[in-house]
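> Sequence plus predicted model, see below.
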Amino acid sequence: MYHTTGLDKAEIDGLCEMIHREAVADERTWPPILGLYKSVVVTLTYLRRNRVQAEIAEAFEVSQSTISRAITAMTGLVERALRRYVPSADELDDRTQYVVDGTLLPCWSWAAHPQLYSGKHKTTGLNVQILGTLDGELVWISDPVDGSRHDTYCLRESGALTSNAAGNWTGDKGYVGTGMLTPIKKPAHRELLDWEKQFNTRSTKSATSSSRSSRTSKPGGSCTPTTADHSPPSPRQSQPSWDYISIAPRE
């Protein structure tokens, strides 16, 4: 269960209790054939692993439309129940050493939304900033920004990086000029010196912890890009990171 949803059974039970307490009568529209518990499991599985609904339906021996109704009913309730446990940028400690990295959450290719296209990744999506400790613990994820934006822009828009915090943060070359510790770029007129290469090697090793955090923040799969334009945009393009569900306390 944990590897599928990110929560063990006791944590899912606690989440179900939270949802049942907070949901008003007209919001309890999860499919009766699944019930609250299975509807939560279905929703967490879909959000965490990005599995095809028909595949989930086969595993739970229901129709695809039932899975779709469960996900539609539960997604907002899960987000609302866990909202108070999601850390904000204001809660970050300026004295703690963090490693930051940007990642692209892929979505469908929308011809009418060129701002989603990332020239770096050669696909469409939303840019989010991932903050982790030196041990690789995920501590914060920014709100999504259009995929065409540079990591530095996205980080500054998030408001997380302050002048006091910059000296304790580590990032890749995309964050040069922000005040944080970054690798040394190769000058146009010469090669890197030996000590500069060694410094970059050590910086890269430190940044691997953030890369691990970035991987855990992504769904298990990604939407297949297309060249066709559709309307309205896919809801997955604004889907938040659901790894934060793991910080909900057991009840």
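Alright, I've got the coordinates. Numbering: from 1, shown residues only.
> need the helices for the stretch 1-150 of the chain, in chain order.
Secondary structure of the stretch 1-150 of the chain by DSSP state H, counting those that start in this stretch: the helices cover 2-5, 9-22, 35-49, 53-60, 64-82.
> And these: which comes nearest Ser118?
Taking Cβ to Cβ as the measure, the helices of the stretch 1-150 of the chain were each checked against Ser118, and helix 35-49 came out nearest at 22.3 Å. Yep, even glycine has a C-beta here, placed from its N, CA and C like the rest.
> picking up where we left off before, which one of the helices of the stretch 1-150 of the chain is the most hemmed in?
Mean neighbour counts were taken over these using mean count of other Cβ atoms under 10 Å, and the top value, a mean of 22, falls to helix 35-49.
> Looking at it now, give me its mean pLDDT.
When pLDDT is averaged over helix 35-49, the result is 94.
> and the angle for it with helix 53-60?
Computed with axes from the mean of the first three to the mean of the last three Cα atoms, to 10 degrees, the direction of helix 35-49 lies at 130 degrees from that of helix 53-60.
> name the helices or strands packed onto helix 35-49?
Helices and strands touching helix 35-49, as assessed by 3 or more Cβ pairs under 8 Å, 6 or more residues apart in numbering; DSSP states H and E, comprise helix 2-5, helix 9-22, helix 53-60, helix 64-82.
> Next, format those as CSV and append distance to Gly136.
What follows is the helices and strands packed on helix 35-49, written out as CSV (distance: least, Cβ to Cβ, whole Å):
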stretch, distance to Gly136
helix 2-5, 18
helix 9-22, 21
helix 53-60, 29
helix 64-82, 22
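> just so I know, which of these lies nearest Thr201?
Closest approach to Thr201 among the helices and strands packed on helix 35-49 is made by helix 2-5 (33.3 Å; Cβ to Cβ).
> mind listing the strands for the stretch 51-200 of the chain?
Defined through DSSP state E, counting those that start in this stretch, the strands belonging to the stretch 51-200 of the chain, from first to last, are 98-106, 117-118, 123-133, 138-141, 145-146, 169-170.
> so which of these comes closest to Glu27?
Checking the strands of the stretch 51-200 of the chain against Glu27 by Cβ to Cβ gives strand 138-141 as the closest, at 26.1 Å.
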